[in-house]
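Peer 1: Pasted the sequence and its predicted model underneath.
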Amino acid sequence: MDLHFGDSKPTDDERAAVDALLGPPESSWEGADRSDADLRWAKGGREARDRRDLLLPGLHAINDRIGWISDGALDYLCRRLTVPPAEAYGVATFYAMFSVKPRPATVLHVCTDLACAAAGASELCAGIEARLGPGSGVSVARSPCLGLCERAPAALAIKAGDPVRTAVSAPATVHDAVVAASAPDSAPEEPPAAPAVPQAGGDELILLRRVGVVDPSSLDDYRAHGGYTALRRAFELGPAGVIREVTDSGLVGRGGAAFPTGRKWQATASQPDHPHYVVCNADESEPGTFKDRVLMEGDPYALVEAMTIAAYATGAHQGYLYLRGEYPRALHRLEHALAQARARGLLGDDILGQGYAFDIEIRRGAGAYICGEETALFNSIEGYRGEPRSKPPFPVEKGLFGKPTVENNVETLVNVLPILTMGAPAYAAIGTGRSTGPKLFCVSGSVARPGIYELPFGATLGDLLELAGARDGLRAVLLGGAAGGFVRADELDIPLTFEGTREAGTTLGSGVVMAFDDTVPLPRLLLRIAEFFRDESCGQCVPCRVGTVRQEEALHRIVERTGAAAADDIGLLREVGRAMRDASICGLGQTAWNAVESAIDRLGAYE
């Protein structure tokens with residue numbers, strides 16, 4: 001392998017950032033000082049290449065310490081891992097949170113996506129840039145959804161250093177955002193997770209019952225409120241019994257695909273190839289989605305327990321939690337929860353004295369919507385560009401590192417706890433025959449009480465919006481986020497089930513419910529959706545790579561023209577949309593046209 005290293009050298013800080021992750025280099029092959037190295041041998045090769053999966057953490061380490069990734073830093077990381085710099089450059093430039101060009105140590109990410117755009121994100125950006133001015137030492141970046149939709153508009157400040165410092169401003173004002181960027185340590189503290197749950201403390205809650213009730217940092221408090229009861233029940237049932245309970249409950253994936261969870265677990269457990277892996281997909285990047293963040297911030301031990309149960313049932317001994325890079329508080333809460341669980345014998349070599357070994361490693365994403373797709377997520381963890389793989393083979397056969405893998409999102413996993421504590425029949429009695437159990441909905445936009453709501457499947461859209469306090473003048477509701485579809489204000493009797501939304505010609509998706517009143521310019525909203533998909537397309541397949549660009553171009557022209565010209569472009573949009581839906585490799589391209597199509601057909605967006 002010809003690695004083609006350049007002549008650039010890392011600075012002392014860059015070298016220290018990499019060495020803090022990988023340990024000091026042991027030979028000149030890895031970049032050790034030649035004057036101190038034994039030149040008679042070179043350690044590396046296969047052993048170093050086996051650590052390719054540390055490429056993404058290494059890029060984070062440099063970016064966190066310096067604020068950007070120089071040629072010298074990238075070369076040094078590549079020497080340590082025996083990765084061709086050209087490949088590492090392709091990985092580094094794949095993620096929005098990294099930069100391979102010099103920039104200030106502080107970056108202020110200001111969300112300009114749907115909920116924040118409706119709440120005045122454009123004016124906020126203009127005000128921040130005017131206040132900071134040139135030479136401020138702060139780079140202002142217009143960002144896709146930061147997962148803070150209940151507190152829109154939102155901003156996230158990241159100040160590189162040792163340690164890296166972060167501050168969230170939401171709902172953001174120009175003053176608060178500038179303070180967060182200028183002095184993250186003195187910025188106002190984020191509110192606790194409970195205010196994001198308007199029903200917090202309610203007796204009817206199942207998944208959210210501990211949010212706002214327990215101290216998220218206390219393992220003892222979690223156990224006092226029923227924590228680890230489900231894991232003890234799992235050990236009583238055995239792996240096959242756990243899978244049988246999950247199957248009988250009717251639980252399906254809550255990320256949008258709605259695949260039966262029990263079938264996925266059974267298919268993984270039955271694979272003869274070992275090792276098996278469990279992966280939690282906590283990279284919720286769908287605009288308008290923030291339920292996983294609230295669960296991780298408000299009840300982190302529940303996710304640790306649920307991942308342990310999933311691993312026990314499927315014969316896995318190693319788990320990976322792939323977490324959005326834009327969730328610093330969730331990262332801190334989960335790191336603390338994992339450390340406490342290990343110290344108390346709830347992770348490690350002998351969990352609860354049962355002779356079962358399992359541990360969890362957190363891997364941070366870095367701003368790539370496509371990594372929410374399971375196989376793209378696997379590639380990201382392995383140190384490659386987060387591009388989807390062709391299926392088959394499916395992840396239950398060949399997933400992470402080519403081994404059988406079960407992948408679920410946070411909400412799906414947390415549902416396993418009540419299944420085991422209340423029993424499959426009682427769980428299946430909640431909701432409807434084909435959509436069982438409770439469901440979390442992310443409500444934002446033109447409502448008085450935005451936040452996460454828990455309702456049994458079968459409640460109507462009108463029931464949910466009544467709880468959230470929909471404002472007068474409601475014009476449209478977006479279900480499922482940017483990859484979902486719009487419904488009219490007179491269609492609020494749609495049942496919130498997978499089959500009910502399907503019959504109504506829309507989708508439930510991951511549970512996004514975004515309300516828009518008549519003050520929101522719909523054409524601009526659709527253009528923002530098109531811009532989002534253009535930016536987030538990984539570019540691997542032609543239908544999506546080209547189609548998302550053509551979609552955005554057509555929407556720009558429609559906004560500027562009317563009459564026959566607009567009609568021609570709508571026809572072009574339909575043709576491009578069909579091509580993306582039929583021929584794209586993954587769900588991004590297949591759903592990129594959905595929201596625009598529904599706005600044209602159901603709302604008459606350009607009439």
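Peer 2: That came through fine. Numbers count the residues shown, from 1 in each chain.

Peer 1: Now do the phi/psi pair for Leu492.
Peer 2: In this entry, Leu492 is assigned phi and psi values of phi -80, psi 0 (degrees, to the nearest 10).

Peer 1: wait, what's in contact with it?
Peer 2: Going by CB atoms under 8 Å, 6 or more residues apart in numbering, Leu492 touches 460-462, 465, 477. From N, CA and C alone the C-beta is placed, and that goes for glycine too.

Peer 1: Return the subset of those residues lying in helices.
Peer 2: Among the contacts of Leu492, DSSP state H puts 461-462, 465 in helices.

Peer 1: Which one of those residues is nearest to Tyr453?
Peer 2: Relative to Tyr453, the closest of the ones in helices among the contacts of Leu492 is Leu465; by CB to CB it sits at 9.8 Å.

Peer 1: how far away is that closest one from Phe441?
Peer 2: The spacing between Leu465 and Phe441, counted by CB to CB, to the nearest Å, is 10 Å.

Peer 1: Show me the common contact partners of these two, please.
Peer 2: Overlap of the contact sets of Leu465 and Phe441 (by CB under 8 Å, 6+ apart) consists of Val513.

Peer 1: quick one, what contacts the residue nearest the centre of the chain?
Peer 2: Centroid check for the chain by CA atoms, centre = their mean gives Asp283 as the closest residue, at 1.6 Å. Asp283 is in contact with 322-324, 365, 371-372, 377, counting by CB under 8 Å, 6+ apart.

Peer 1: who's in contact with stretch 385-397?
Peer 2: Against stretch 385-397 from outside (CB under 8 Å, 6+ apart): 90-91, 94-95, 264, 267-268, 271, 273, 368, 370-371, 373-380, 404-407, 538, 540, 585-586.

Peer 1: Where does pLDDT dip in the chain?
Peer 2: Along the chain, the model assigns pLDDT under 70 to residues 1-4, 28-29, 31, 33-49, 562-565.

Peer 1: Just the strands from it, written as ranges.
Peer 2: Assigned by DSSP state E, the chain shows strands spanning 106-111, 138-143, 155-159, 165-169, 276-282, 316-323, 359-364, 405-409, 438-445, 451-456, 474-479, 485-488, 512-517.

Peer 1: These into a markdown table, with extra columns for distance to Ala16?
Peer 2: Output for the strands of the chain, formatted as a markdown table (distance: least, CB to CB, whole Å):
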| stretch | distance to Ala16 |
| --- | --- |
| strand 106-111 | 20 |
| strand 138-143 | 23 |
| strand 155-159 | 18 |
| strand 165-169 | 18 |
| strand 276-282 | 29 |
| strand 316-323 | 24 |
| strand 359-364 | 19 |
| strand 405-409 | 34 |
| strand 438-445 | 40 |
| strand 451-456 | 40 |
| strand 474-479 | 46 |
| strand 485-488 | 50 |
| strand 512-517 | 42 |
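
Peer 1: Could you export the ones you listed as JSON lines, including distance to Pro388 and mean neighbour count?
Peer 2: JSON lines is the format used below for the strands of the chain (distance: least, CB to CB, whole Å; neighbours: other CB atoms under 10 Å):
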{"stretch": "strand 106-111", "distance to Pro388": "25", "mean neighbour count": "25"}
{"stretch": "strand 138-143", "distance to Pro388": "23", "mean neighbour count": "19"}
{"stretch": "strand 155-159", "distance to Pro388": "27", "mean neighbour count": "27"}
{"stretch": "strand 165-169", "distance to Pro388": "30", "mean neighbour count": "24"}
{"stretch": "strand 276-282", "distance to Pro388": "13", "mean neighbour count": "26"}
{"stretch": "strand 316-323", "distance to Pro388": "14", "mean neighbour count": "22"}
{"stretch": "strand 359-364", "distance to Pro388": "17", "mean neighbour count": "18"}
{"stretch": "strand 405-409", "distance to Pro388": "13", "mean neighbour count": "26"}
{"stretch": "strand 438-445", "distance to Pro388": "24", "mean neighbour count": "25"}
{"stretch": "strand 451-456", "distance to Pro388": "28", "mean neighbour count": "22"}
{"stretch": "strand 474-479", "distance to Pro388": "24", "mean neighbour count": "24"}
{"stretch": "strand 485-488", "distance to Pro388": "22", "mean neighbour count": "22"}
{"stretch": "strand 512-517", "distance to Pro388": "21", "mean neighbour count": "26"}
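
Peer 1: do you know which of those lies nearest Thr432?
Peer 2: Nearest to Thr432 among the strands of the chain is strand 451-456; the distance by CB to CB comes to 8.3 Å.

Peer 1: Could you export that closest one as PDB, CA atoms only?
Peer 2: Only the C-alpha atoms of strand 451-456 are listed here, as PDB (Å, rounded to 0.1, in the frame of the first residue of the first chain):
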ATOM      1  CA  GLY A 451     -42.000  19.300  23.400                       C
ATOM      2  CA  ILE A 452     -42.000  15.500  23.500                       C
ATOM      3  CA  TYR A 453     -45.500  13.900  24.000                       C
ATOM      4  CA  GLU A 454     -46.200  10.300  24.800                       C
ATOM      5  CA  LEU A 455     -49.400   8.900  23.600                       C
ATOM      6  CA  PRO A 456     -50.700   5.300  22.800                       C
END
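
Peer 1: Can you spell out which helices and strands pack onto it?
Peer 2: Applying 3 or more CB pairs under 8 Å, 6 or more residues apart in numbering; DSSP states H and E, one finds that strand 451-456 contacts strand 438-445, helix 461-468.
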